[in-house]
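S.K.: Predicted structure and sequence below. I'll ask about it afterward.
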Amino acid sequence: MNRKLLYFLVSIAYLILISYGLYSVYTVEATLRVKEPPKIKLENKIAIAHTEIFGKLERPQVIFNHGKHEEAYKKEGCAECHPEKDGQVMFAFPKNLKKIDKTAVMNAYHDACIECHKKSAKKEKTGPVNCGDCHKKQEKTLVVKYPKAEFDFYVHDKHVKKLKEKIGKDDCGLCHHSYDPYEEDETLRLVYEPGTEESCYYCHELGKKRGPELTKITKAAADKGLSIKEASHQQCLNCHLKYREDYLKKGEKDACPTECIKCHTGEYRTLVQLEKVPRPDRDQPKRPLINIKDAKLKGVPFDHDYHQIASKTCRSCHHETLKACKDCHDLTGKPEGNYVNVARAYHDVFSEHSCEGCHNVKKAEKDCNGCHHYIAVVEADSLGPKDKSCAICHSAEIKGAFSRAPLSVAGLDPQKVPNKVKVEVLSKEYEPSEFPHMDIIKKLVDISNKSKLANYFHKDMQTMCEGCHHRSPAEAEVKKDTPPNCRNCHTITPEPRNLDKTTLLSAYHRQCMGCHDKMGIEKGSSVRFKDGDRCGACHKKKVAGPAEITRLKNDNVVKQNTKNILNVWRPK
């Protein structure tokens, strides 16, 4: 008997341990806390590791103080360490590297660094020559990462003005060039052609999938090791070195910087700051009518001037070259555009470069997302949107297309569009919810009027109303501005034969709380609901009267009886 009892107690203990273990596994935080490696203060230092060549390092990385060496060799200049070609410094190191393999790279670094340090040993200050003095254990996990340098429209405009001041004329060829991969003489492939100036990224952003026109050019850039990083440093730094002394003599210390941290600041201008900065002139049309040869739909008026100031780079739309979209995309597709036809080029809802794709990104911003997150995205060339939505853009009317009058609530009939609406059909435990109808309309109209994009597409007040009254086409209404109530479509109780249909309670909460979530409105959002504020943000708790108390007691009795029945029939 004692042995059986012992077995029983041990079994219980095992069960408890297993239960606790399972509980621990399934209730542990989903994300592991990974300790981030320490970051070093950026003072023109560079981490030398080359894991792409060495793989796992046998010794710690070397944190190289470039600023200190630059200061030490101020008189000698960059060519003391970096190779020169055609009168320009090539910012590669070591300069005597003959081939790329572990032994060659290691020896080239040691020869360049240690030999230089030995030569300077007779001076007061000398560099380290022992392994541990450069490969320090305490610097093994340090991270040296410079933020991306952004050459925005302001910086471009500043360079144009400075160079014109320096040489007395506009000469875009100092920075811009084009590459002809079909030219037999390699020395003639790189040329400057006026009117073809484009972003360096088109040819030097390696590893990005390109169309057939750029593939050969990017391959040539890759073969020469001219990534955007290498090309930018070579182009920019050589120019800065050339003119730096002249500007320093004038007292302009910030002109022509050569230190890493002067360009890689991590600070970027906003679109608001860049709004009044002139864009580079490539004879781009201000407000063209986009017409496609043999197209059946009318042309689309396009405000190019506005889209320029609404983007931080021309590459937002012109993803391959600065040519017009129709030069690469026609009605059926052609090789230059990877056989993407023009309808897909303009209407692809998943592309960041298409009109519709870009507009969908804008609609996902919090001011717009309250309504638009419930409006299904329609692909123009496959699913076929309503005819009237095509006509909004395909109007062929330039006149008045870019200056639509702002929306106004002044014309709304207060009898048909009330200030407040009481939602009381479901009020059982709570008082009716009071919906500030007119205040919300005014807020949405104000948001719409401040956005040129919204102002163009929200052509009338009916468009705004459809954000909530999503199944209420104005042309179907018996009387104007009399949309059906939510409960006309959404039933109070679930329909057994149509369980996918949204009930009235869910429809109200999904519409209201969903809008608050998407627009970042804390009151009445699902975040507050989860945090325990629950229903009180929108509903007042009912004070139970005698009849209500009796009903609640009866409900509790039914619940208790149900529980008792389940306990009786539940298997032991």
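M.R.: Thanks, I have it. Residues are numbered from 1 along each chain as shown.

S.K.: List the contacts of stretch 407-418.
M.R.: With contacts defined as C-beta atoms under 8 Å, 6 or more residues apart in numbering, stretch 407-418 is touched by 437-438, 441-442, 445, 448-449, 455, 458, 460-461, 464, 479-482. Glycine gets a C-beta too; all of them are placed from N, C-alpha and C.

S.K.: Check stretch 195-202 too.
M.R.: By C-beta under 8 Å, 6+ apart, stretch 195-202 touches 172, 176, 178, 214, 228, 231-232, 235, 280, 282-283, 313-315, 320-322.

S.K.: what bits of the stretch 51-200 of the chain have low per-residue confidence?
M.R.: When residues are selected by pLDDT under 70, those of the stretch 51-200 of the chain lie in 120-125.

S.K.: and if we set it to 50?
M.R.: Nowhere does the stretch 51-200 of the chain drop to pLDDT under 50.

S.K.: ranges for the strands of it?
M.R.: Applying DSSP state E, counting those that start in this stretch to the stretch 51-200 of the chain gives strands spanning 62-65, 84-85, 88-89, 178-179, 190-191.

S.K.: would you list the ones you listed in a markdown table and tack on distance to residue 493 and mean neighbour count?
M.R.: Output for those, formatted as a markdown table (distance: least, C-beta to C-beta, whole Å; neighbours: other C-beta atoms under 10 Å):
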| stretch | distance to residue 493 | mean neighbour count |
| --- | --- | --- |
| strand 62-65 | 69 | 17 |
| strand 84-85 | 81 | 11 |
| strand 88-89 | 79 | 18 |
| strand 178-179 | 70 | 15 |
| strand 190-191 | 75 | 12 |
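
S.K.: contacting residues around residue 424?
M.R.: 432-433.

S.K.: Can you report how many residues lie near residue 400?
M.R.: Burial measure for residue 400: 10 neighbouring residues, criterion other C-beta atoms under 10 Å.

S.K.: would it count as being in a strand?
M.R.: No: assigned with DSSP: H, G, I helix; E, B strand; the rest coil, residue 400 falls outside any strand and is coil.

S.K.: Give me the buried positions along the helix or strand harbouring residue 217.
M.R.: Following DSSP states H and E, one finds residue 217 within helix 212-223. Neighbour-count burial for helix 212-223, counted by 16 or more other C-beta atoms under 10 Å, picks out 213-214, 217-218, 220-221.

S.K.: Show me what the next helix or strand after it is packed up against.
M.R.: As assigned by DSSP H and E, the chain's next helix or strand after helix 212-223 is helix 228-249. Applying 3 or more C-beta pairs under 8 Å, 6 or more residues apart in numbering; DSSP states H and E, one finds that helix 228-249 contacts strand 88-89, helix 201-204.

S.K.: Looking at those, which is nearest to residue 186?
M.R.: helix 201-204 (15.8 Å; C-beta to C-beta).

S.K.: hang on, the earlier thing: quick check, nearest of the buried residues of helix 212-223 to residue 289?
M.R.: Nearest member of those to residue 289, counting by C-beta to C-beta, is residue 213, at 26.1 Å.

S.K.: so what's the closest one up against?
M.R.: Residue 213 neighbours (C-beta under 8 Å, 6+ apart): 320-321, 328, 336.

S.K.: distance of the closest residue to residue 342 other than its chain neighbours from residue 269?
M.R.: Using C-beta to C-beta, 6 or more residues apart in numbering and skipping the chain neighbours, the partner closest in space to residue 342 is residue 329 (4.3 Å). Taking C-beta to C-beta, to the nearest Å as the measure, residue 329 falls 32 Å from residue 269.

S.K.: and of the strands of the stretch 51-200 of the chain, who's closest to residue 341?
M.R.: strand 178-179 (27.5 Å).

S.K.: what lines up beside the closest one in the sheet?
M.R.: Pairing partners of strand 178-179, with direction, according to DSSP bridges: strand 190-191 (antiparallel).
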